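J.: Model the structure of this input:
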Amino acid sequence: MKTVIPSFAKKILGKRLLFFAFLFLSVYQGSGQNMDLSFHSLAGTNNRLPFWLWANQLGRYTSENETIQNLEFNGNYNKAIGESAFRISSGVRLNLLLANNNDVRFTELYGGLGWKSLQLNFGAFSDQERYEGLSTTNGNMASSRNARPHPKIRAGFNRFVPVNTWFSIYGFYEEGLLNDNRYVENSHLHRKALYLRFGQAASWQLTAGLEHFVMWGGTHPTYGELQEWEAYFDYVLGKAGGENALPTDKANVAGNSYGTYQLEIKKEWNRFAATLYLSHPFDDKSGMEWDNYKDNLYGLYLTGKSERPLIKSLLLEYFHTKNQSGSTHLVPKPDGELHGRGLDNYYNHGVYRSGVTYHQMAMVSPLFGPLNDSEGISMGFENTRFSGFHIGAIGFLTESIRWKTMLTYSNNFGQYKSGGLDTYQPSRKQAMSLLELSWQPYGKDLEFGASVAADHGSLYDQGKSTTRLGAMLSVKWHILK
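T.: Got it, this is the predicted structure:
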């Protein structure tokens, strides 16, 4: 049943949104980067929205709604401090949502301080969008733009820093807090990344990186307070737990440790550029040692250099997570003792049972799902083994009309169970599509959008084949650009 907001409450919520818009407008005048106010109206059939109307939307839209109305204020600010090399930055994304569960929230709220190539950011902010938003998971299996950003502090570089003409580096170190309603309350989330880049895109450019995440600390409903800062280096260095750690942490590594290897090859020509990329997930040591070498996200991104061509960019992806280091098997450790491997069950965990989610949405690729739910608390992913392909494209019909389309197909197997069988018998196939048009009259500050989406398959309906349709209408006012 839908929640109805009384008219006086709507006025209060609307006034709050307008107040923040006025406040930021007064601050941004003369030095702002951009600011916009937008309204989105979404609708779907069969009790939920189609996949591409809610996925990778920073957690603004949950799938379990037939209709959603969203009034959004978005802005960011970046300015040098006097004549120095220091810069300050800030950003806000405030949403008024009318849906099954109405809400007013800061989807993003952050500040930052930069000096030359160094950057310190704090607050709730998202990863920068890559490949024009055409990827299923922003090119990274372990970190998408699907869930709402969580509060964190990140220190590192703000760009690739050249060491010489053919070699540059990029990296950051981050600590965050998962302060949503979850199985282990107030869990921390650590993240660090290091990328090495060789060559120049005008010839050939190779970028290789490693990202490591650890969910640690918090309050467990059975074990109580888990080890916190006293075990910090065990967590972030991927070491086995110490004397006071849980038995599972002693046998494996402290906390819920996971990550990705990232690889990208880029080449530019006169008329277009091509990027090949790979994202390889690991959930334990077996994945780090490539026992699960078959599991990867592969992508090809082509983008033209013409100003507004009919087809500007094309992206192709193939994804595979079925191997998971195989079924249970034993391998010798350096001391000769046998150790079990296999059944990786990506992004789920026996202690941190909410998995890699935030506010009941996947922080990883949105293709991991659906979620298991217990009274509003995520209990991890029901489906972690799947394969399929994805196509995305962007172009222009005229100077002022842009189009975007995405088509995704997945074959889903659930999880491994005893005997190496699948929990989904038979597998559940799912097709998901989107067509989007946006029109911004030349020289005007208003932009209008319309989207239609369609899903068909059995993934989200307990194995029952279902067709789901949806649409979105939007209008955006670019206050400052």
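J.: who touches residue 396 in this structure?
T.: Residues in contact with residue 396 (CB atoms under 8 Å, 6 or more residues apart in numbering) are 308-310, 312, 402-403. In this view, the C-beta of every residue, glycine as well, is placed from N, C-alpha and C.
J.: And the strands in the stretch 251-400 of the chain, which stretches?
T.: 256-268, 272-282, 296-304, 313-320, 329-332, 338-341, 357-358, 361-362, 371-374, 377-381, 385-396 (DSSP state E, counting those that start in this stretch).
J.: tell me what the first one is packed against?
T.: Packing partners of strand 256-268 (3 or more CB pairs under 8 Å, 6 or more residues apart in numbering; DSSP states H and E): strand 205-216, strand 272-282.
J.: could you dump these to TSV with distance to residue 453, mean pLDDT and mean neighbour count?
T.: Putting the helices and strands packed on strand 256-268 into TSV (distance: least, CB to CB, whole Å; pLDDT from 0 to 100; neighbours: other CB atoms under 10 Å) gives the following:
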stretch	distance to residue 453	mean pLDDT	mean neighbour count
strand 205-216	30	98	20
strand 272-282	25	98	20
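J.: thinking again about what came up before, give me the buried subset of the contacts of residue 396.
T.: Among those, those scoring as buried are 312, 402-403 (criterion: 16 or more other CB atoms under 10 Å).
J.: now the residues you listed as CSV including distance to residue 64 and pLDDT?
T.: Output for those, formatted as CSV (distance: CB to CB, whole Å; pLDDT from 0 to 100):
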residue, distance to residue 64, pLDDT
312, 34, 98
402, 30, 98
403, 29, 99
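J.: Any chance of those in JSON lines with distance to residue 349 as columns?
T.: Listed next are those as JSON lines, based on distance: CB to CB, whole Å:
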{"residue": "312", "distance to residue 349": "41"}
{"residue": "402", "distance to residue 349": "41"}
{"residue": "403", "distance to residue 349": "41"}
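J.: Tell me the one among those residues nearest to residue 219.
T.: residue 402 (47.3 Å; CB to CB).
J.: Show me where the stretch 151-300 of the chain has its helices.
T.: Ranges of helices in the stretch 151-300 of the chain, per DSSP state H, counting those that start in this stretch, are 232-236, 247-251, 285-288.
J.: What are the buried residues along the first one?
T.: Taking 16+ other CB under 10 Å as the basis for neighbour counts, the residues of helix 232-236 that come out buried are 232, 234-236.
J.: how far away is the residue lying closest to residue 380 once chain neighbours are set aside from residue 187?
T.: The shortest distance from residue 380 to any non-neighbouring residue, by CB to CB, 6 or more residues apart in numbering, is to residue 355 (3.7 Å). Between residue 355 and residue 187 the computed distance is 11 Å (CB to CB, to the nearest Å).
J.: least reliable of the helices of the stretch 151-300 of the chain going by mean pLDDT?
T.: Among the helices of the stretch 151-300 of the chain, helix 285-288 carries the lowest mean pLDDT, at a mean of 84.
J.: That one packs against which elements?
T.: Helix 285-288 packs on strand 272-282, going by 3+ CB pairs under 8 Å, 6+ apart.
J.: what about 6 Å?
T.: Packed against helix 285-288 by the contact rule (3 or more CB pairs under 6 Å, 6 or more residues apart in numbering; DSSP states H and E) you find no helix or strand.
J.: Same question for that helix: list its buried residues.
T.: Buried-residue list, helix 285-288, by 16+ other CB under 10 Å: 285-288.
J.: starting at the chain centroid, how far to that helix?
T.: In this view, helix 285-288 has its centroid 22 Å away from the chain centroid, taken as CA atoms, centre = their mean, to the nearest Å.
J.: any chance of the strands of the stretch 251-400 of the chain in TSV, with distance to residue 163 too?
T.: Below are these laid out as TSV (distance: least, CB to CB, whole Å):
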stretch	distance to residue 163
strand 256-268	18
strand 272-282	22
strand 296-304	26
strand 313-320	30
strand 329-332	38
strand 338-341	37
strand 357-358	35
strand 361-362	36
strand 371-374	43
strand 377-381	40
strand 385-396	34
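J.: Among the buried residues of helix 285-288, which one sits closest to residue 180?
T.: Distances from residue 180 to the buried residues of helix 285-288, taken by CB to CB, are shortest for residue 287, at 26.3 Å.
J.: how close does that closest one sit to residue 60?
T.: Residue 287 is 31 Å from residue 60, by CB to CB.
J.: roughly how far apart are the nearest residue to residue 297 once chain neighbours are set aside and residue 318?
T.: Excluding the flanking residues, the one nearest residue 297 by CB to CB, 6+ apart is residue 279, at 4.2 Å. Between residue 279 and residue 318 the computed distance is 11 Å (CB to CB).
J.: Next: residue 414.
T.: 20 Å.
J.: Just want to know which of those two has more residues nearby.
T.: More neighbours surround residue 414 than the other of residue 414 and residue 318, with 19 against 13 (other CB atoms under 10 Å).
J.: Pull stretch 125-137 out as PDB, backbone CA atoms only.
T.: Extracted C-alpha coordinates of stretch 125-137, given in PDB (Å, rounded to 0.1, in the frame of the first residue of the first chain):
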ATOM      1  CA  PHE A 125      30.300  11.100  -2.500                       C
ATOM      2  CA  SER A 126      30.200   8.700  -5.400                       C
ATOM      3  CA  ASP A 127      32.900   7.400  -7.700                       C
ATOM      4  CA  GLN A 128      33.300   9.400 -10.900                       C
ATOM      5  CA  GLU A 129      31.200   8.100 -13.700                       C
ATOM      6  CA  ARG A 130      33.100   6.200 -16.400                       C
ATOM      7  CA  TYR A 131      32.400   5.300 -20.000                       C
ATOM      8  CA  GLU A 132      29.500   7.800 -20.100                       C
ATOM      9  CA  GLY A 133      27.500   5.700 -17.800                       C
ATOM     10  CA  LEU A 134      27.100   2.900 -20.300                       C
ATOM     11  CA  SER A 135      28.800   0.100 -18.200                       C
ATOM     12  CA  THR A 136      26.800  -2.300 -16.100                       C
ATOM     13  CA  THR A 137      29.100  -1.500 -13.100                       C
END
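J.: got the end-to-end distance for stretch 369-387?
T.: One end of stretch 369-387 sits 13 Å from the other (CA to CA, to the nearest Å).
J.: what's the spatially most central residue of the chain sitting at in phi/psi?
T.: Centroid check for the chain by CA atoms, centre = their mean gives residue 144 as the closest residue, at 1.7 Å. Main-chain dihedrals, residue 144, degrees, to the nearest 10: phi -110, psi -170.
J.: On the pLDDT front, check the nearest residue to it once chain neighbours are set aside for me.
T.: Spatial nearest neighbour of residue 144, chain neighbours left out: residue 137 (4.2 Å); criterion: CB to CB, 6+ apart. You'll see residue 137 listed with a pLDDT of 98.
J.: repeat for residue 480
T.: 89.
J.: Let me see the ranges of the strands in the stretch 51-200 of the chain.
T.: Under DSSP E, counting those that start in this stretch, the stretch 51-200 of the chain gives strands at 67-80, 86-98, 103-115, 118-124, 151-157, 161-164, 167-178, 187-199.
J.: is it possible to export the ones you listed to a markdown table including mean pLDDT, distance to residue 207 and mean neighbour count?
T.: Putting the strands of the stretch 51-200 of the chain into a markdown table (pLDDT from 0 to 100; distance: least, CB to CB, whole Å; neighbours: other CB atoms under 10 Å) gives the following:
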| stretch | mean pLDDT | distance to residue 207 | mean neighbour count |
| --- | --- | --- | --- |
| strand 67-80 | 96 | 25 | 18 |
| strand 86-98 | 97 | 25 | 20 |
| strand 103-115 | 97 | 22 | 17 |
| strand 118-124 | 98 | 19 | 18 |
| strand 151-157 | 99 | 14 | 17 |
| strand 161-164 | 96 | 13 | 11 |
| strand 167-178 | 98 | 8 | 17 |
| strand 187-199 | 98 | 5 | 19 |
